[in-house]
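Chemist: Sequence first, predicted model second:
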Amino acid sequence: EDVTLTIESWRNDDLKLWQDKIIPAFEASNPGIKLKFTPMAPTEYNSAINSKLGAGTAGDLISCRPFDASLALYKAGYLEDLTSMDAMSNFSDVAKAAWQTDDAAHTFCVPMASVIHGFIYNKDAFDELGLTAPETEEEFFAVLDKIKEDGSYIPMAMGTNDQWEAATMGYQNIGPTYWKGEEGRLALIKGEQKLTDPQWVEPYEVLHKWAPYLGDGFEAQTYPDSQNLFTLGRAAIYPAGSWEIAMFNEQADFKMGAFKPPVKAKSDTCYISDHVDIGIGMNAKTENPEAAKTFLAWVASPEFAEIFGNALPGFFPLSSAPVEISDPLAEEFVSWRGDCETTIRSTYQILSRGTPNLENETWGASAAAIKGTATPEELGKKLQDGLDSWYKPQK
Amino acid sequence: MSALTLKNVYKAFGDTEVLKDISIEVEQGEFVVFVGPSGCGKSTLLRVIAGLEEATAGEVHIDGKLVNTVPPSKRGIAMVFQSYALYPHLNVANNMSLALKQEGVSKAEIAERVQEASRMLQLDDYLKRFPSELSGGQRQRVAIGRAVVRQPKLFLLDEPLSNLDAALRVSTRLEIASLHKQLDATMIYVTHDQTEAMTLADKIVVLRDGRVEQVGSPMELYNKPANKFVAGFLGSPAMNFLPASLLKDGDTRVIGLRPEYIYLDENGPLSAKVQHVEQLGGDTNVIAMVGEHMVTVRLFGQHAIAPNQQLTLGFDPATLHYFDE
Amino acid sequence: MSALTLKNVYKAFGDTEVLKDISIEVEQGEFVVFVGPSGCGKSTLLRVIAGLEEATAGEVHIDGKLVNTVPPSKRGIAMVFQSYALYPHLNVANNMSLALKQEGVSKAEIAERVQEASRMLQLDDYLKRFPSELSGGQRQRVAIGRAVVRQPKLFLLDEPLSNLDAALRVSTRLEIASLHKQLDATMIYVTHDQTEAMTLADKIVVLRDGRVEQVGSPMELYNKPANKFVAGFLGSPAMNFLPASLLKDGDTRVIGLRPEYIYLDENGPLSAKVQHVEQLGGDTNVIAMVGEHMVTVRLFGQHAIAPNQQLTLGFDPATLHYFDE
Amino acid sequence: MACCRIGVLETGFSLLEIVMQASRFRWHIVIFLAPAVIVYTAVMIFPLFNTLRLALYTDVDQVRTFVGLDNFNMLFGDPRWSEQFWNALGNNFKFFFIHMLVQNPIGVALAALLSHPRLRFAALYRSAIFIPTILSFVIVGFAWKLILSPIWGIAPSMLDAVGLKSLFAPWLGKEAYALITLSLISVWQFVGIPMMLIYAALLSIPEEILEAGEIDGITGINAFWKIKLPLILPSIGIISILTFVGNFNAFDLIYAAQGALAGPDFSTDILGTFLYRTFFGFQLQLGDPYMGSAVAGTMFAIILVGVCIYLFGIQTRLRRYQL
Amino acid sequence: MNKARSNPVSAAAMHGALIIYTLIALFPVFVILINSFKSRRAIFREPLSMPNSDSFSLIGYETVMKQGDFFLYFQNSMIVTVGSLFLILLFGSMAAFALSEYRFKGNMIMGLYLALGIMIPIRIGTVAILEMMVATGLVNTLWSLILVYTAQGLPLAVFILSEFMRQVSDDLKDAGRVDGLSEYTIFARIVVPLVRPAMATVAVFNMIPIWNDLWFPLILAPAEETKTLTLGSQVFIGQFVTDWNAVLSALSMAILPVLILYIIFSRQLIRGITSGAVK
Ligand SMILES: Nc1ncnc2c1ncn2[C@@H]1O[C@H](COP(=O)(O)OP(=O)(O)OP(=O)(O)O)[C@@H](O)[C@H]1O
Ligand SMILES: Nc1ncnc2c1ncn2[C@@H]1O[C@H](COP(=O)(O)OP(=O)(O)OP(=O)(O)O)[C@@H](O)[C@H]1O
Ligand SMILES: [Mg+2]
Ligand SMILES: [Mg+2]
C-alpha cells in the first residue's frame, strides 16, 4: 500500500517544478511513497497553515518560513523536532539557524534554499550607453546619472507602492555594506548598536538619493510593475533578489548582467544578503512519520540540491555540498558568496517578534526614505523607539 | 343554537374607540345586514368576527364556541374584503381555488366549484387574467367568487357589490340570496345600498359611531325606527324632519315624514316652493322649501314640475313619526 | 368650443379590444356620465382621456387641442381613481395638497382649499390620518378631495361614491353638482348608480362592450332608449321584456314594460302568480310569473302581497316600448 | 393588522411563553425560525464567539491565560496599538462617508433611472452596471492598478488626451490620495448593490400611485422626491446600514490593492486590514489571536452600536407603507 | 410605449447618463477582457490597445486549461453557490417572515441576534469552524462550504427580506388566513411570490462573495475534487511572479457563470412587477 504525503507550500510558482522534476525523481528512488504538492496563494499561507495545523487538517509536510513564523508552529507542537535527523549535518549552522529554537538546541525544518540580493542590469543597454557595472557607490550614481541623461531608459526599476520592495530590494540589499553584515546584525540583536546609529541610518540616506532615478510616479508603482518595466527593456537597472532570475531569463529578450551592492571605496569588503528563505518540516500529527522522514532526508541530500538549484535558478541550495549551477546569471550571484561576507536580513531573527513589528516598520521606513516623507534620522529614531518599546536585549 | 354571538365587544385603535359595547345575536342561517354611515365601524366589526382584529374587550362566539383565541383560518368563515385583497400574483382561477387546494379538495371538485362561481359572477372569460388586468367590478366579483367557492357556514361580505352595475348587482344579489338558502349559511353583509339591505336582510343592524342603534327586520326598522338617526338613515331619499311646532304650536318634538308619503294636494296643509327637481325616470324627487325647512317629496312616475313653482303638499298623519329632539 | 372630443378611439390590451370606435363630444361645462356594465371599458376610456393609456387608434382633443402626445400632467385634468390610489406615505391633508404645492399655490390658499374640501366631504376629523387608518368610504372621500382641491377645468371621476352610505352619497352628490356649477368645470363621471346618473348628468353615455350604445339626456334615454340594451340598463328595477306575441299573436317583436308602469288592475290583461316580494319601505317590488315570463312590478308604498298569490296586472299601452329582437 | 398579533402585545413573558400564547403554542414561529437559527448559531455564532472569547486571554509560555481586559487596555492604552487603531478607525470613517456620499446616491439615482417604466434597454444597462460587483478583488485590484498606473499609463494618457495630464498623480502611492482613490474604486465596484436593492424597492411601488401623481402634475424628478423616495426610505435605511456594516468589515479590496500593510504609510489602513494583520499576522509579524480577538471585539462593538442605533433609533421610527 | 408619457428630451438625458455610467462601469472590465487575449508583453506595453495579430495570444487560456481540471472546479463552484443560495433564501425568508409577521416578545432581539453575524468577519472563527467540520467529517466536502456560506449569508438575507416582507399588504395575508390557509401556506404561496424582487436581490448579493471566496475553499475543501474555481485560479498567483495571462483568463472565464446567474435572478425582479396590491 502506497502512502501519499501531502506537501503544504506557499510556492505556487514551483508547482510545475515539483510535478515535473522533484516528485518523479523522489518517487523513482522511493517506491511506496507518493507525493502531492499542494501550494496555495503566498499571501494566505501563514494564516491558512496555522488554521489547518490547529484543526489537524494540514498536510504531512509543511514548508517553513524562516525564523519566527515556523518557530511559533514548533512551539505550538505542530512541527516535529528534527534535530536528531542524520541529514541535518549536511547544513551549516547559519543555514539551520532560521529553523532552530533561540538556543539552537532544536532544529525543526530542513533548510531548502536561500536567496541573494544584488542588482541585475540590462547588458544591452549598458553596452549601448557605454557603461560598465559599478562597484562603488560613486560609480553607481555616476552610472545612474548617465542613464538618466541619455533618457532612453528609466535608470532603475523600483516602486514604493508595495513597500516591501523598498525594504527588501533596497534597504536589505545595500544595507549590509554599511552595517557590516553579521557584525552589525548581531550587535543590533545584542543591543550594542542602535538603529539610530549612522551605519543603520545611512542606507536610508542613500535610498533617498535613488528617488530621482526611479520612474515617474514610482510611488504608485507596484512590484509586478517594476518587474515588467525591466523585462520589457524600459529600465536599465533592477535592484533584485536572485529569485527573479528564472523569470527574467524567460521574459527578457536582452542580455542581462548582475552586480553586487556597491561598496563605499574600492578596497572595502563587500557584504551581501544571502538570506535563508525556504525550509521544510514535518507535521507532528502526520500519520506517516517514517515516510515523511524519508522524504526530508532526501531533501537534505545533494541529489535534491542539484535538482532544485538548477531547476530554480536563483534559489540557492543550502546544503554544504557544492552544487554546480549552470545558469550564468545565477552563477554570477552565487559566486559572490566567495568574494563577500554574507549575512541575512537584519530584521528577521528575533527583532520582529514584538509589536511594533520591526520588519513591517522597515518596509514603511524604506518607502518613506525614498519618497522623502521623513528624514533618515527620524526614521531611525522611529524604528529604534519601536524596538525599544518591547525589546530588552540582555546586555 | 346561535351561529354568532357578540357580547359587549369593544375595539380601539390606540386612543380611537371604534367599536363600543356591541352585542349581537345571529341565528343559524340568518342573513344579517350591517348598515351605518361611512366610518362607523362596520368593516372593523367584520374583522373582529373574522379574528383579523382582536377585540379590545368582549367575547365572540361562533357556533356556541368562544373563539377569541381561535385563529381566523380555524373559524370556518369566508370573507369578501372591502378592498378585495386579491392575490396579485395569481390569476382569477387560482385566486378562487387557492383555499380549496389548501383544504385538499379534489381537483375535479375545485374545477367544478370555480366554474360554478365564475358562471354565477359572469367571470368565465377572465379566469386566466391577473387581477391587474381586470376592471374594478371584475375584481370585486373575483373577491366574491373567492368566498363563494368555499361554501363555508359563515359568510362575511363587506360591500361586495359596490362596484357592480345595476343589472349585475341585481343578479348577483339574487345569486347570493339563493346561495344563502341553498347552503343554509349564515351571512353577515355590509352594504350602503338600501335596496340590498331591505331585500336581503332577515335582520338589519344599524351602527353609528361604533354603537348598535337598532336591530330588527327591515320593515320593523323602516316603519318603527327607534330614533331619528335610524329613521333618517333608512329610506332613500331620506326622511324629512320638521319641527312639530309647524303643525302644533308649542310641540317641541320633531316630526319625521318620509318623502314617499307626501303627495301633491291642493288642500294640503303645507305650502312649498320648489327648489330643485330630480327626474329619475320611474320617480321624481322634488326638493322644496316649506318655510325655511327643506322637504323632499318623492313622486311616483314622471312629473313636469319646475323650480320655483309653488306647491301645496299633503300627507297622511298616520305616516308621521315623532321624535324627541 | 368643445371641452373634450374623442374621435374614433380604439384601445386594445394585447389581443383584447377594450374600446372600439368611440366618438364623443363633450361641451364646455357639461356633466357627462358614463354608464355601462362592469368591464365594458368605462375606466379604460377615462384613462385614455387622462393620457394614462395611449389609444391604439383615434384622436383625443381637449379644449380643441389634439392631446394624444400630451402627458397627463399637462392635460389640465383631475381624476378620481376607482381604486383611490392614495399616496400611502402622506396623511389626508397632504394627500390633498400635494398637487397644489407642486403647482406653487400659496400656503394660505392651500390650507383654505383643503379645509373647504374636507368640510364638504366630512373629513375634518381625519386630516392627520394616513390612508391605512381610514375606512373604505373615508379613503374614497380623500380620493375625491384630492381631485376637488385642484379645481381643474376637466374632472374625471371613476365611481367616486360607490363606497359611501346613502346619506353621504346624496350630500356628496349635491356638492359635486354645485362644484360643477361653481367652477364651470367639465365633468366626466362614471357610475353604476342609477340615481346618480339620472340626477347629475346633462348627458349620459351608455357603453357596452367597448362601444357607445346611445348618448343623450337622462330623460331621453329613459323614455326613448335606442335599443333593448339601453332600455334594460337604465331604470331599476330593470325594464321587463315580454314577447309581443303575448298581446298580439304573430308579432315577433319584444315589448318593453317598465316595472313602475304596471299596476294592480282587476281587469288588467295580464294574470300573474307572485314569486317573490321585495319590501323596500317606500316601494314594493313584486316579482311574478306571467305564463313562463318573469315580470317585475314596482308598486309605490307598502303592500301586503304574499308569494303564490294570483294577481291581475294592467298597464298603460302608451308606456310600452317595442324592440326588434 | 394581522391575526397573529393577537394578544401578544403588552405581555411580558419569556420568549417561550410568548410563543406559547394562551394555550395555543405558535409552533409555526419556531418552525420558521429554527433552520436559520440552528445553522447560523452552529456555524457562525458559536465559532465567532468562541474566538472572541480569546480577547480575554493571552498566551503566556504556550499556555492560554485569562487576563481580563488587559488586551483591551493594551489596545487603547498603549500608543503602539492605539495609534494604529485610531488611525484605522479614522480611515474607516472616511471610507464609510465616501461610500455614503458617493456610492449610495449614485446607486439610488441609477435605480431611479432604470426603474423608469418606459426606458428601453434597461435590462442591458442594469446588467452592465452590475458587472463590476461580480468581479473578484484580485481582478479589480489588478485592473485599477493597471489603469491608474503611472507607468502603463491608461489614466495618464487618457487625461493627456483631454489636456489634463497635469491633474495626474500616482494616486495609489500618495498618502493624501490613496484612501480616497481606493474608496472610489470600492464605490465603483459596489454601486450595483444599492442599485439593485433600490431598484427592487422601486418596482414594488404600485403603478397607480405613480399615475395618480402624474395626474396631479407630479412627474419626473418631482415624482421621485415626493412619492418614490418616501416610499423607499426603509430600503435606503437598509443600504445605509449595510454600507456601514460592509465598510467597517471591509478588507479585501485594500488587501488586494495595497497589501496587508495598507500603504503608503498606513494611510489606507482600515479596521479590517488592522484586524487581519493582528489576528492572522503578516510576513514576519505573527498572528496573535488574543489581541486579534480584542480588535475584533472592538470592531464588533462599534458595528453593534451602529446597528443598534439604526434598529432601535431609526428602523422602529420609519413608517412603512404597505404597498 | 406611451408617447404621451415619454418625454424625448428627458429620455435622451436618461440614456445619456446611463451610457456614461455604463462606460465607467465597463471600462476596467473591458481592459481586463482585451488583455486576457494578449501576450504578457503586450499587456504591459500597451494595456489599452486591442489585441492584434501581433499581440493576440491565447496563452493565458491555454495555461488555464492545462493546469488543473477547470471544468470540475467550475462545477464545484456552481454546486456550492447554487446550493448555498438555495438554503440562504429558504431559511432566510422563513426567518424573515417570522420576524416581520409575528409580534412576539424577543422579536427585536432575535432580529438583532440574527444580524450579529455580519458584524464580525467570519474569518476569525476559522479554526473553530474547521474543527467542527473535522469533527463532523465534512472537511473536503462541498457541504462544509455550503454550510458556512449559508450561515454567512443568513444575516443579510433576514435583514433585507424582513424589511420587504413588512411591505406586503396585511389585507392579502388576512385574506389568506380567512381562506383557511395555514401560516406555512401564506408564507409559501402569498408572501414569497410577492417579495420575489427582494429574494432575487438577496441572491445576487450573496452569490458574489460566495463565488469569489478564496479563504474557505482553501481551508475547508482544498482537495482537488472539491476545489472551487477561485481557488483553482490562485495557482497562477505566485510569491514573486504572477502569471497575469492566466489569472486574467481564468477570472474572465469565471465572470461568465455569475453573470448568467445574475441574469437569471434579475429576471425575477421583472417578474415581480405583477405584484403591487390591487385596490
Ligand atoms: N391591463 C389589461 N390587460 C387586459 N385586459 C384589461 C386590462 N385592463 C383592463 N382590461 C379589460 O378591459 C375591459 C374594460 O376594463 P375597464 O376597467 O375599462 O372596465 P370598466 O368599464 O371600468 O368596468 P367596472 O365598472 O367593472 O370598473 C375589462 O374587461 C378588463 O378585463
Ligand atoms: N388602523 C387604524 N387606525 C386608526 N383608526 C382606524 C384604523 N382603521 C380604521 N380606523 C377608523 O375606525 C373607524 C371605523 O372604520 P371601519 O373601516 O370599520 O369603517 P366602516 O364602517 O367600514 O366605513 P366604510 O363604510 O367607509 O367602509 C373609521 O373612522 C376609521 O377611520
Ligand atoms: Mg368599511
Ligand atoms: Mg372601472
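Modeler: Alright, I've got the coordinates. Numbers count the residues shown, from 1 in each chain, chains lettered A, B, ... in the order given. Ligands and ions are numbered 1, 2, ... in the order given.

Chemist: Give me the pLDDT for the residue of the stretch 51-200 of chain A found nearest chain B.
Modeler: Closest residue of the stretch 51-200 of chain A to chain B, C-beta to the nearest C-beta: A:S51 (46.2 Å). All C-beta spots, glycine's among them, are computed from the backbone N, C-alpha and C. On pLDDT, A:S51 comes in at 86.

Chemist: That one and A:Y78: what is the separation?
Modeler: Using C-beta to C-beta, to the nearest Å, we find A:S51 at a distance of 11 Å from A:Y78.

Chemist: And the helices in the stretch 101-250 of chain E?
Modeler: Here the stretch 101-250 of chain E has its helices, by DSSP state H, counting those that start in this stretch, at E:107-116, E:126-135, E:142-165, E:170-178, E:183-185, E:192-194, E:196-212, E:215-220, E:229-233, E:244-271.

Chemist: For those helices, could you give me TSV that also reports mean neighbour count and distance to B:M289?
Modeler: Listed next are these as TSV, based on neighbours: other C-beta atoms under 10 Å in any protein chain shown; distance: least, C-beta to C-beta, whole Å:
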stretch	mean neighbour count	distance to B:M289
helix E:107-116	18	62
helix E:126-135	21	88
helix E:142-165	26	59
helix E:170-178	25	46
helix E:183-185	19	61
helix E:192-194	22	56
helix E:196-212	25	61
helix E:215-220	25	87
helix E:229-233	25	88
helix E:244-271	20	62
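
Chemist: closest one to ligand 4 among those helices?
Modeler: With C-beta to the ion as the criterion, ligand 4 lies closest to helix E:170-178 of the helices of the stretch 101-250 of chain E, at 19.9 Å.

Chemist: re the thing from before, of all the helices of the stretch 101-250 of chain E, which lies closest to B:K42?
Modeler: B:K42 lies closest to helix E:170-178 among the helices of the stretch 101-250 of chain E, at 15.9 Å (C-beta to C-beta).

Chemist: so where's the chain shaky on pLDDT?
Modeler: Chain wasn't specified; assuming chain A. The model of chain A has pLDDT under 70 over residues A:394-395.

Chemist: That was the other one, I meant chain E.
Modeler: Along chain E, the model assigns pLDDT under 70 to residues E:1-8, E:269-279.

Chemist: Could you chop it up by domain?
Modeler: Domain segmentation of chain E under automatic domain parsing yields E:1-57, E:69-274.

Chemist: at contact distance from ligand 1, anything in the shortest one?
Modeler: No: Domain E:1-57 stays clear of ligand 1 (C-beta under 6 Å from any ligand atom), getting no nearer than 12.8 Å.

Chemist: what's the distance between the one residue in the stretch 101-250 of chain D that gets nearest to ligand 3 and chain C?
Modeler: Nearest residue of the stretch 101-250 of chain D to ligand 3, counting by C-beta to the ion: D:E208, 20.0 Å away. Distance of D:E208 to chain C, computed by C-beta to the nearest C-beta, to the nearest Å: 4 Å.

Chemist: That residue sits in which helix or strand?
Modeler: helix D:207-215 (DSSP states H and E).

Chemist: hmm, back to that, out of the domains of chain E, which gets nearest to D:F300?
Modeler: Taking those one by one with C-beta to C-beta, domain E:69-274 is closest: 4.9 Å.

Chemist: next one: the closest one to chain centre, how far?
Modeler: 7 Å (C-alpha atoms, centre = their mean, to the nearest Å).

Chemist: Apart from its neighbours in sequence, what residue is nearest E:F44?
Modeler: Distance criterion C-beta to C-beta, 6 or more residues apart in numbering or on different chains; nearest residue to E:F44, sequence neighbours excluded, is A:N228 at 4.3 Å.

Chemist: right, and that neighbour touches E:A42 too?
Modeler: No: with contact defined as C-beta atoms under 8 Å, A:N228 does not count as touching E:A42 (11.3 Å).

Chemist: Put together a markdown table for the domains of chain E, with distance to ligand 3 on each row.
Modeler: Compiled in a markdown table, those are given as follows (distance: least, C-beta to the ion, whole Å):
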| stretch | distance to ligand 3 |
| --- | --- |
| domain E:1-57 | 33 |
| domain E:69-274 | 12 |
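
Chemist: Kindly reformat those domains as CSV containing distance to B:D249.
Modeler: Putting the domains of chain E into CSV (distance: least, C-beta to C-beta, whole Å) gives the following:
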stretch, distance to B:D249
domain E:1-57, 67
domain E:69-274, 56
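
Chemist: Chain A contacts on chain D?
Modeler: Counting by C-beta under 8 Å from any C-beta of the partner chain, the residues of chain D close to chain A are D:62, D:80-81, D:145, D:148-152, D:156, D:169-175, D:255, D:258-261, D:263-266, D:277, D:279-287, D:291.

Chemist: and with 7 Å instead?
Modeler: Contact residues (C-beta under 7 Å from any C-beta of the partner chain) of chain D with chain A: D:62, D:80-81, D:145, D:148-151, D:170-174, D:259, D:261, D:263-265, D:280-281, D:283-287.

Chemist: Which of those fall in strands?
Modeler: Among the residues of chain D next to chain A, the members falling in strands (DSSP state E) are D:281, D:285-286.

Chemist: If I look at the residue of the stretch 101-250 of chain D found nearest ligand 1, what pLDDT would I see?
Modeler: In the stretch 101-250 of chain D, the residue that lies nearest ligand 1 is D:E207 (10.2 Å; C-beta to the nearest ligand atom). With respect to pLDDT, D:E207 has a value of 84.

Chemist: Likewise for the one 10 residues further on?
Modeler: pLDDT, the model's per-residue confidence, is 85 for D:G217.

Chemist: thinking again about what came up before, the domains of chain E: which one's closest to ligand 2?
Modeler: Of all the domains of chain E, it is domain E:69-274 that lies closest to ligand 2, at 9.8 Å by C-beta to the nearest ligand atom.
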